[in-house]
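1. A predicted structure for the sequence below; I have some questions about it.
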There are 2 protein chains.
Amino acid sequence: MHDFQFYVQPGEVHDRRAVLKGDERDHCCRVLRKRVGDVIILFDGNGNQYEAEISSINKDVVECLICQQRPKLNRIVPEIHLGICLVKNAAFDEVLTTSSALGVHAIYPLATQHSVKQHVNPERMRKIVLNSVKQSGNGYLPEVAELTGLADWLKIVKNFKIKLVAEKDESLSLSALVPEPCETDRIAALIGPEGGLSRDELDLCQAAGFLVINLFPYRLRTELATTVMISQLYQYYTQTGGIK
Amino acid sequence: MHDFQFYVQPGEVHDRRAVLKGDERDHCCRVLRKRVGDVIILFDGNGNQYEAEISSINKDVVECLICQQRPKLNRIVPEIHLGICLVKNAAFDEVLTTSSALGVHAIYPLATQHSVKQHVNPERMRKIVLNSVKQSGNGYLPEVAELTGLADWLKIVKNFKIKLVAEKDESLSLSALVPEPCETDRIAALIGPEGGLSRDELDLCQAAGFLVINLFPYRLRTELATTVMISQLYQYYTQTGGIK
């Protein structure tokens, strides 16, 4: 397995020194019982990784001395910006965990007509995402947005060339997308709520340039649909040399 | 959402009559509180679905009268026979649930050198698989095998034309498979244990005609790797008109 990583914010690495705070500090010295002199791996969520020696531990912070910066990690392409309609907590947590492990670039929790809940806790979401990235070793933290209305999200991704929404009852599959030249690797991918998007919402998406695709012949739970969509986008992308 | 389905074994539908036993009987009349005269959906795990009226309920069985047989459901292609090296219970349960929801044809729990446990409970596995198929509405129950040694499984899938094993450190991706004519849609797909297959085991697989592929640029948990592999196989298959 890869080494365990601790998170430092990009601004917290200066002059070969880095500082772990809060949960990261606790995880390092209380849970994993690291000591002064131990060498640990730090990452800044932006592709940078460091080998660092713990130089001091106090009740607020762990101070480290950077021994070596590792080669910058490549970020996965395509760049997936995921719109996830709110679902129950357990399912939503799983979506956050798996999509972060699969390297999406941004996650937007969306409020829609059929969403079972209408609020999120961004702090809690960021913790789940951070834990998943730490475990997967992918090195890049996705952006986690505040709760956004569907119409506002459609504006945010307006200039994306590839916009997809998964809907069970449509017949167009991802492979029906015809590759043609395009200068972007950014994809907006929307996964509906358990009860599906309303007809009005689907119309809104289509008017905003979204293609409605069928991921799979069976109806899938939101968590599973998210993983299937990301996997298929990655596969399609590597196979065709880019969704173009 | 699709209708809730109850499972009847293929041999338990005779002369427009069907009988629910055991857990299915309890689920129908104790959990969902169905009554005599209610119409329910039955499925036999083999693509057949029936609308049936409950004609009697007693402490052992629910008897039903078939009103109508629905058109037989199509089974998903490609036909994936999944070899899953044993992992911890929670992860293994998730693999069973998701692979069943995604319509695999057969699931073989495999004992390997790095497996964390070396026994399974086939009865429990079948219950998890049945529940997942009931919820997904896919209509086909995958075959669930007893615990099998890796070498024995390689013999079972010997005549499959497409055999794949996922391994993080390989560079060949699924899309590197060159389509060429082949008369089978059957695929043997092997997902290693948390600690990976041993070098000897990988050699054994390759000697048995398995291609070692890289699913994704990051290391994935077994549960996630399974979903990614099935999704990619389905995507690749529909895109190329068959992995040939």
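-> Everything's here; your move. Residues are numbered from 1 along each chain as shown, chains lettered A, B, ... in the order given.
2. Buried residues in the biggest helix by length in chain A, which are they?
-> What stands out as the longest helix in chain A, according to DSSP state H, is helix A:222-240. Across helix A:222-240, burial judged by 16 or more other C-beta atoms under 10 Å in any protein chain shown covers A:222-239. All C-beta spots, glycine's among them, are computed from the backbone N, C-alpha and C.
3. Give me the subset of the residues you listed that also touch chain B.
-> Filtering these for proximity to chain B by C-beta under 8 Å from any C-beta of the partner chain leaves A:224, A:227, A:228, A:231, A:232, A:234, A:235, A:236, A:238, A:239.
4. and these as a markdown table, adding distance to residue A:4?
-> Below are those laid out as a markdown table (distance: C-beta to C-beta, whole Å):
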| residue | distance to residue A:4 |
| --- | --- |
| A:224 | 28 |
| A:227 | 24 |
| A:228 | 29 |
| A:231 | 26 |
| A:232 | 31 |
| A:234 | 25 |
| A:235 | 29 |
| A:236 | 33 |
| A:238 | 29 |
| A:239 | 33 |
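5. Are stretch A:69-83 and chain B in contact anywhere?
-> Yes - using C-beta under 8 Å from any C-beta, stretch A:69-83 reaches chain B at A:74, A:76.
6. Let me see the residues that make contact with that stretch.
-> With C-beta atoms under 8 Å, 6 or more residues apart in numbering or on different chains as the test, stretch A:69-83 has contacts from A:47-51, A:99, A:103-108, A:110, A:138-140, A:148, A:150, A:153, A:157, A:160, A:162, A:185-191, A:226, A:230, A:233-234, A:237, A:242-243, B:217-218.
7. Could you turn the buried ones of these into a ChimeraX selection?
-> Entered in ChimeraX, the line below selects the buried ones among these, by 16+ other C-beta under 10 Å:
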select /A:47,48,49,50,99,103,104,105,106,107,108,110,138,139,140,148,150,153,157,160,162,185,186,187,188,189,190,191,226,230,233,234,237,242,243 /B:217,218
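8. tell me the mean pLDDT over stretch A:86-96?
-> Stretch A:86-96 shows a mean pLDDT of 90.
9. send the alpha carbons of it over as CSV?
-> Listed next in CSV are the C-alpha coordinates belonging to stretch A:86-96 (Å, rounded to 0.1, in the frame of the first residue of the first chain):
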residue,chain,number,x,y,z
LEU,A,86,-28.9,15.6,-2.4
VAL,A,87,-29.7,12.1,-1.2
LYS,A,88,-29.8,10.6,2.3
ASN,A,89,-26.7,11.1,4.4
ALA,A,90,-25.2,7.6,4.1
ALA,A,91,-25.6,7.5,0.4
PHE,A,92,-24.2,11.1,0.1
ASP,A,93,-21.2,10.2,2.2
GLU,A,94,-20.5,7.3,0.0
VAL,A,95,-20.8,9.5,-3.1
LEU,A,96,-18.3,11.9,-1.6
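10. In it, which residues are buried?
-> A:86, A:87, A:91, A:92, A:93, A:94, A:95, A:96.
11. Give me the three-state assignment for the third one.
-> Look at residue A:91: counting by DSSP: H, G, I helix; E, B strand; the rest coil, its state is helix.
12. Please tell me I have it right and it contacts residue A:226.
-> No - Residue A:91 is beyond contact range of residue A:226, at 9.5 Å (criterion: C-beta atoms under 8 Å).
13. before we move on, back to that, rank the ones next to chain B among the buried residues of helix A:222-240 by pLDDT and give me only the lowest.
-> Among those, residue A:239 has the lowest pLDDT, at 69.
14. what's the next secondary structure element after the strand or helix carrying residue A:54?
-> Using DSSP states H and E, residue A:54 maps to strand A:49-57. Downstream of strand A:49-57, the first helix or strand assigned by DSSP H and E is strand A:61-69.
15. Distance from the chain centre to that following strand, please.
-> 27 Å (C-alpha atoms, centre = their mean, to the nearest Å).
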